[in-house]
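# quick one, fold the following:
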Amino acid sequence: MTMQKLFYFLVMFPCLILGNDKEVPSKITEVTVYLDGAHITRTAEFDLTKGSSEITFTGLSAKIDESSIQISGLQAASILSMSYDINYMIEKVNSSESLLLQEKIETKEFQISLLKSRISGLEAEEQVINTNQSLNSNVESIDLDKIKKISNYYRQRITAIKNEIFKTNQEVNSLNLEIRKIQKQLAEMNNIPEKELGEIKLRLDAPVATRLKLIFSYQVSNAGWIPTYDIKSEGVDNPLSLGYKAYVYQKTGADWNNVQIVLSTGSPSLNMVKPQLSTKYLSFTRGHQPPTSTTKKQRFVYNPTVQQVTGTISDESGSPLPGASVAIKGTARGTRTDFDGFFTLDVQNGQELMVSYIGFKTEEVPIYASVMNIRLDEDAQALDEVVVAGYGMSSKKSLSGAASSVSVERMLQGKVSGVNISDISRPTIRGISKIKSNSNPLYVVDGLVMSTKDVAELDPEVIASVEILKDQNAQALYGSRGANGVIVITTKKSSVQNEVTNTKFIIKKPYSIVLDGDVTAIEINTFALDADYEYYAAPIINENVFLTATFKDWEKYNLIPGEANIYFKGSYAGKTSINPYTTDKEMTLSLGVDPKITVSRKQDKNFKSKSFIGNNRILNRTYNLEVKNNKAVGITLRLMDRIPISQNKEIKVDNIEVHSAEYESKKGLLTWNLNLAAQESTKKSFSFQVKYPSYKRIWF
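Alright, predicted model coming up:
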C-alpha cells in the first residue's frame with residue numbers, strides 16, 4: 001500500500017466505523033406512576049442499515065434503574081450490547097431572552113457614549129476659557145470694571161462646567177452599574193449548572209436493512225402520586241359524594257408531554273422478599289433482651305406537599321394524651337401535645353413523625369396529610385378507627401354507577417326520583433311528562449348532548465352517575481332544549497384494573513406533567529355513596545355534636561390512605577384524613593360539628609361521694625347529660641359515654657346504674673339512641689361506685 005493510500009485510509013477509517021452510529025430521538029407514550037417511583041415507556045422509529053450499528057437514545061432521565069430497562073420491537077435485529085450512562089449537558093440559553101439582554105446592554109453603552117461626548121465638549125470649553133484668562137500684556141489700557149466683569153464670567157462659567165461634568169460622570173457610572181448587572185444576569189444564563197441526562201446505547205446487528213419501531217421502558221425514582229379526596233354532602237336526605245383524585249409529581253429530568261397516565265397502588269421500592277420463619281429457642285440471658293421487631297404493613301404514603309401537620313394523640317379509648325412527644329424522625333425538631341392532646345408542627349423536609357408517650361408503644365408514621373390523628377396502643381395488632389372530619393355538599397342528586405351491570409334503562413328506572421322509563425327512547429320525567437308528550441328529555445353525557453340511540457349504546461360499566469334536572473334548573477343551564485327535563489350522565493374518569501398485588505387506574509384523558517416537581521391534579525373517579533346519616537356526641541371526650549355518615553361496601557372503591565378536603569354547601573370547610581385500612585364492614589365519616597345541637601356532661605355534686613370502709617376508699621360517681629336540639633327539624637342522635645373497667649383485682653366497680661342506656665359491659669360503653677324533635681331537649685344520667693385501697697390513687 002502506497003503512503004498516499006495509507007494516509008487516505010487512516011483519514012476515512014473513523015468515518016467508516018461511525019457510519020452506522022447515530023442518535024435517535026424518542027418520545028414518552030405512557031407512564032405508570034407508583035406511590036413511589038414510575039415506569040416510563042418510550043417509542044422510537046428509525047432506519048437500521050444492514051450489519052452492525054450503534055444507536056443512542058439521549059435526553060433520558062438520570063434516575064433510571066439500569067436493571068429495569070426492557071426493549072421490544074426488534075424484529076429480525078438482535079442486541080449485541082446495551083449500556084446506560086450519564087451525560088453531563090449544558091442547557092441551552094433561551095435565545096430570545098439572551099438577545100433582549102444584549103440589546104439592553106448596547107442601548108446603555110450608546111447612552112454612555114453620548115454622555116462622554118458631552119464631557120469632552122465641556123472640557124474643551126473649559127480649556128478655551130482658561131487660555132483666554134491670560135491678558136495680553138500688549139493691551140495698553142483695560143478698564144478695571146471690565147476686568148471684574150470678565151473675571152466674574154469666567155468664574156461662574158468654569159463652576160457650571162465642572163458641575164455639569166460631575167453630574168454627567170455620575171450618569172455614566174450609573175449606566176455602567178446597570179450594564180454590570182445585566183452582564184451578570186447574562187453570565188448566569190450562559191453558565192447554567194450542568195444537567196445530568198441519561199443515555200441508552202445499543203449495539204444492534206441487522207441481517208437486512210429495515211425500519212424499526214422500538215418500544216423501551218425503564219423504572220425511575222423521584223416521582224409518585226398522592227391520593228386525595230373531596231367529600232361533599234348536600235344533606236341527610238342525599239347521597240354522599242366522594243371524589244377520588246391523585247396529585248402526581250415528578251423530578252425525573254424530562255417532561256411528560258401529553259402521555260397516557262396509569263396510576264398504580266403498588267410500590268416497587270417495598271421489600272418483596274418473603275420472610276423466613278425459623279425455630280425459636282429459649283435460653284437464659286444476662287440483662288434485658290429487647291423484643292423482636294416486626295416489619296409493619298405499609299399503611300401510609302409520604303406526601304411531599306405537606307408543610308405543617310396538626311392533629312391529636314389519643315389512647316385506645318379515644319382519650320387525649322397530654323404531653324405526648326411528636327417529633328420529626330431523624331431531627332431534633334418536635335413538640336408536645338397540649339392538655340387536649342392537640343399538636344401543631346412544621347414539617348418542611350421531614351418524612352416521618354415519631355410519636356411517643358410513657359406506657360405506650362412508639363409509633364412511626366409517614367407524613368401523609370396535614371391532619372394526622374394518631375392513636376397509641378399497647379397492643380401492636382390494634383387497628384386504627386377510620387374517622388374523617390368535616391362537612392360536604394353535593395349540588396344534585398346522584399346515582400352511583402360503580403356496581404352497575406345492568407343496562408342504562410335499568411339504571412334510570414326506579415333509581416332516580418321522578419323518572420319513569422319503559423323504553424330508553426321514550427323516557428318521561430314526573431312533573432313535565434304531560435307538557436310535551438311527544439318530546440324526549442335532553443341527554444347530556446360528560447357535557448356533550450347525545451341522542452337516545454347513543455345513550456342506549458353506552459357501556460353501563462363506564463357510567464359513574466346519573467343526575468336529573470327539570471323545571472327552571474334545566475332551562476337555566478340548557479335553555480329551551482331542557483323544557484322536557486335533562487338527564488345528565490357522567491362517565492368514569494378512569495377504568496380500574498385489579499391485579500394480584502395492586503390496583504391500576506387507567507386515566508382516560510392524556511396529561512402533561514412537567515419535571516419541576518409541582519403537583520398535577522388528576523381526577524380518578526367520583527362515587528355517589530348511599531350513606532346513613534346520624535348525629536353523634538361523646539361529651540366525655542368532646543363537647544361538640546358531629547354529623548356522621550356511614551356506608552358499606554367501601555372496599556370496591558380501591559381507596560388508600562390520604563388527605564381529604566371537606567366541602568359544605570359549596571364552601572370549603574377544612575381538611576382531614578381518611579384511612580380505609582380497617583377490618584370494619586362499615587366506614588364512618590364525620591362531616592363536622594353542628595353548632596345548633598348542644599350537649600353537656602356534669603358530675604352530680606354529691607358531697608357524700610367519698611367514704612372509707614376499713615382500708616378501702618369508696619367513690620360514688622353520678623353524671624348528668626343534657627342534649628338540646630336547637631334546629632328547626634327533628635334529628636336522630638347517638639349519645640355515648642362510658643363506665644371504667646377494672647384491670648386490677650384490688651379495684652372494684654359496682655352499683656352500676658345505666659337507666660335507659662344500652663350497656664356493653666365488656667367495654668364499659670353506654671349508648672342512647674335519641675330522637676329529638678325541633679327545639680326539644682332531653683336529660684340522661686348514669687352512676688357507678690369504685691372501691692380501691694386507700695393508700696393508692698387512681699385516675700378515671
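
# show me what counts as buried in the host helix or strand of Glu66.
Here Glu66 sits within strand 64-72, counting by DSSP states H and E. For strand 64-72, the neighbour count (16 or more other CB atoms under 10 Å) marks Ile64, Ile69, Ile71 as buried. Yep, even glycine has a C-beta here, placed from its N, CA and C like the rest.

# now pLDDT and distance to Arg155 too, for these, in JSON lines please.
Formatted as JSON lines, those follow (pLDDT from 0 to 100; distance: CB to CB, whole Å):
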{"residue": "Ile64", "pLDDT": "90", "distance to Arg155": "80"}
{"residue": "Ile69", "pLDDT": "92", "distance to Arg155": "86"}
{"residue": "Ile71", "pLDDT": "93", "distance to Arg155": "89"}
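
# the residue most central in space within the chain bridge partners, please.
With distances taken as CA atoms, centre = their mean, the residue of the chain nearest its centroid is Tyr247 (4.4 Å). Beta-bridge pairing of Tyr247 under DSSP bridges involves Ile226, Ala521.

# likewise Asn565?
In beta-bridge terms (that is, DSSP bridges), Asn565 pairs with Asp230, Lys575.

# surely it meets Ser241?
No: in terms of CB atoms under 8 Å, Asn565 does not count as a neighbour of Ser241; the distance is 12.0 Å.

# so which of these two has more stuff around it?
Ser241 (24 against 18; other CB atoms under 10 Å).

# so what's the gap between the helix or strand where that one lies and the chain middle?
According to DSSP H and E, Ser241 maps onto strand 240-250. Computed by CA atoms, centre = their mean, to the nearest Å, the chain-centroid distance of strand 240-250 equals 8 Å.

# quick one: average pLDDT of the helix or strand following that strand?
Next along the chain after strand 240-250, taking DSSP H and E as the criterion, comes strand 256-264. Averaging pLDDT along strand 256-264 yields 92.

# quick one: strand 256-264 to strand 240-250, angle?
120 degrees (axes from the mean of the first three to the mean of the last three CA atoms, to 10 degrees).

# next secondary structure after strand 256-264?
That would be, after strand 256-264 and using DSSP H and E, strand 308-314.

# following the chain past that next one, name the next helix or strand.
Past strand 308-314, the next helix or strand by DSSP H and E is strand 325-328.

# between the buried residues of strand 64-72, which is closest to Tyr154?
Nearest to Tyr154, judged by CB to CB, of the buried residues of strand 64-72 is Ile64 at 80.7 Å.

# surely the closest one meets Gly198?
Yes: applying CB under 8 Å as the test, Ile64 and Gly198 come out as touching, 5.2 Å apart.

# who touches both of those two?
The contact sets of Ile64 and Gly198 overlap at Tyr84 (CB atoms under 8 Å, 6 or more residues apart in numbering).

# domain parsing for this protein?
3-91+195-221, 95-136+147-190, 308-367, 597-693 (automatic domain parsing).

# as JSON lines, these with distance to Leu263 would be great.
Shown next, in JSON lines, are those (distance: least, CB to CB, whole Å):
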{"stretch": "domain 3-91+195-221", "distance to Leu263": "5"}
{"stretch": "domain 95-136+147-190", "distance to Leu263": "36"}
{"stretch": "domain 308-367", "distance to Leu263": "18"}
{"stretch": "domain 597-693", "distance to Leu263": "37"}
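
# could you say which one of the ones you listed comes nearest to Ile578?
Nearest to Ile578 among those is domain 308-367 (13.7 Å), distances taken as CB to CB.

# burial of Asn648, as a residue count?
10.

# wasn't it part of a helix?
No: assigned with DSSP: H, G, I helix; E, B strand; the rest coil, Asn648 falls outside any helix and is coil.

# what are the ranges of the strands in the stretch 551-700 of the chain?
562-568, 571-578, 586-593, 597-603, 610-613, 616-629, 635-642, 652-657, 662-664, 669-676, 681-693 (DSSP state E, counting those that start in this stretch).

# what does the fourth one rub up against?
To tie it back to what came earlier, the one meant is strand 597-603. 535, 537, 539-540, 543-545, 621-631, 635, 637, 639, 641.

# what subset of these is buried?
Among those, the ones that count as buried by 16+ other CB under 10 Å are 535, 537, 539-540, 544-545, 621-623, 625, 627-629, 631, 635, 637, 639, 641.

# just checking, what's the longest helix in the chain?
helix 144-190 (DSSP state H).

# so how far is that one off the chain centroid?
59 Å.

# who does it touch, helix- and strand-wise?
helix 95-132 (3 or more CB pairs under 8 Å, 6 or more residues apart in numbering; DSSP states H and E).

# which other helices and strands does the helix it packs on contact?
Using 3+ CB pairs under 8 Å, 6+ apart, helix 95-132 sits against helix 144-190.

# hang on, the earlier thing: and the longest helix of the chain, average pLDDT?
80.

# with stretch 304-313 instead?
86.

# swap in stretch 197-211?
Rounded mean pLDDT across stretch 197-211 is 91.

# residues near Ile40, how many?
Other residues close to Ile40 by other CB under 10 Å number 25.
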